[in-house]
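S.K.: Here's a sequence, model it:
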Amino acid sequence: MSNRATSPLQSLVTDEAIDCAREVLDIEAQAVAALKAHIGAEFRRAVEIVFNCRARVVVCGIGKSGHIARKVASTLASTGTPAFFVHAAEASHGDLGMITADDVFIALSNSGESAELLLIVPLIKRRGAKLIALTGNPASSLGTQADVCLYAGAAKEACPLNLAPTASTTAALALGDALAVALMKARGFSDRDFANSHPGGKLGVSLALVSDAMRTGERLPHVHEAVSVAQAVAEMSRSRMGITAVLDDSGNVVGIFTDGDLRRAIGRISDFEGTPISAMMTRNPHTIEPQRLAVEALQLMESHKINELLVVDSAGRLLGALNMHDLFRAKVI
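M.R.: A predicted model of the protein is given here:
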């Protein structure tokens, strides 16, 4: 391994790179911050149009704007607004057939003069679809033909030549996020809705619900409060869960009987057939509702040093049960 010291030239390059990076971040941050002055009636109208859309949102662009358009479509789709991306060039070669009169068409172009977009804009308008433009030039051909035009430009690019799309694409991306989040709030989109559209990967695991991991049906151990301890032990053995819920006549949870309770009962009673489970169960057990996050169930178990939880509805009726092994299987742990 070489131990040669960094040359003065290398140090100079490194220092210049750091200064350049900081300048780029400043320029792009200023471009995003400047957009706030343009958020007003037009933005509200754009939210209303998309919110009332009866079909889907089609997001379109080409070049760097196309990459941003693809991400905007993805963000809209994952936050409650059905959306997909169409490449501007492909649209004029058949993909235009994906677009209907009930759709909303969002076009991204910094200049507002992208030939591929302008070629299909009249066809979009003719179909009756609403057109929203995100552009750095509201006076452009695209901006003036749009039903709503949102400014998404930058005073200058972060590129030292002021040519490569940098600050302008960052601004367009930020405005797309602002539109998606405003719609998300307007729809009342919840973490549960988010979990339903993100079932895979680490994010999906973190948003898994108790209902996704809990045991139900034949796998759910439960007995009536009038049965004997012996019958409760038989139910525990059948389910192989190490617990059984104890219910009243209405199906409400009144207690839980666990392996630990059984070990303690061995030293206290001799007649397992004649002793009712209500005398040996743990009353008012910890419970959780099915719409809660599975990670919340884990936190509850850890905080109370327990390995099982009963799942109930708002009235206290038994719906399911889960233990640490169920959370392992769901990859919550």
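S.K.: can I assume Ile62 is in contact with Glu113?
M.R.: No: Ile62 is beyond contact range of Glu113, at 11.6 Å (criterion: CB atoms under 8 Å). In short, each C-beta sits where N, CA and C put it, glycine included.
S.K.: Compare these two and say which is more crowded by neighbours.
M.R.: Ile62 (20 against 14; other CB atoms under 10 Å).
S.K.: roughly how far apart are the more buried one and Val229?
M.R.: 73 Å (CB to CB, to the nearest Å).
S.K.: likewise Asn110?
M.R.: Relative to Val229, and taking CB to CB, Asn110 is found at 75 Å.
S.K.: Arg127 too?
M.R.: From Arg127 to Val229 the distance is 72 Å (CB to CB).
S.K.: So which of the two has more stuff around it?
M.R.: Of the pair Arg127 and Val229, Val229 is the one with more neighbours under other CB under 10 Å, namely 24 against 14.
S.K.: Next up, phi/psi of that one, please.
M.R.: phi -60, psi -40 (degrees, to the nearest 10).
S.K.: residues contacting it?
M.R.: 257, 265, 269, 272-273, 275-277, 279-280 (CB atoms under 8 Å, 6 or more residues apart in numbering).
S.K.: What ranges does the stretch 201-333 of the chain have for its strands?
M.R.: 222-224, 243-247, 253-258, 282-283, 287-288, 308-312, 318-323 (DSSP state E, counting those that start in this stretch).
S.K.: now the fifth one: mean pLDDT?
M.R.: This points to strand 287-288. Across strand 287-288, the average pLDDT comes to 95.
S.K.: all helices of the chain, in order?
M.R.: 8-34, 41-51, 64-78, 88-91, 115-127, 141-145, 167-186, 191-196, 201-206, 210-213, 229-239, 259-266, 294-304, 324-329 (DSSP state H).
S.K.: Mind checking the pLDDT average for the fifth one?
M.R.: Regarding helix 115-127, the rounded mean pLDDT is 93.
S.K.: Check the gap between the closest residue to Ile62 other than its chain neighbours and Leu96 for me.
M.R.: For Ile62, ignoring the flanking residues on the chain, the nearest one in space by CB to CB, 6 or more residues apart in numbering is Ala88 at 4.0 Å. Between Ala88 and Leu96 the computed distance is 10 Å (CB to CB).
S.K.: of these two, who's got more company?
M.R.: Ala88 (25 against 17).
S.K.: which parts of stretch 318-333 are buried?
M.R.: 318-324, 326-327, 330, 332 (16 or more other CB atoms under 10 Å).
S.K.: got it, and stretch 294-313?
M.R.: Result for stretch 294-313 [16+ other CB under 10 Å]: buried residues 294-295, 297-298, 300-301, 306-312.
S.K.: hmm, which two among these are most spread apart?
M.R.: Using CB to CB, the two most remote members of the buried residues of stretch 294-313 are Val295 and Val312, lying 18.7 Å apart.
S.K.: okay, Gly80: pLDDT?
M.R.: pLDDT at Gly80 comes out at 88.
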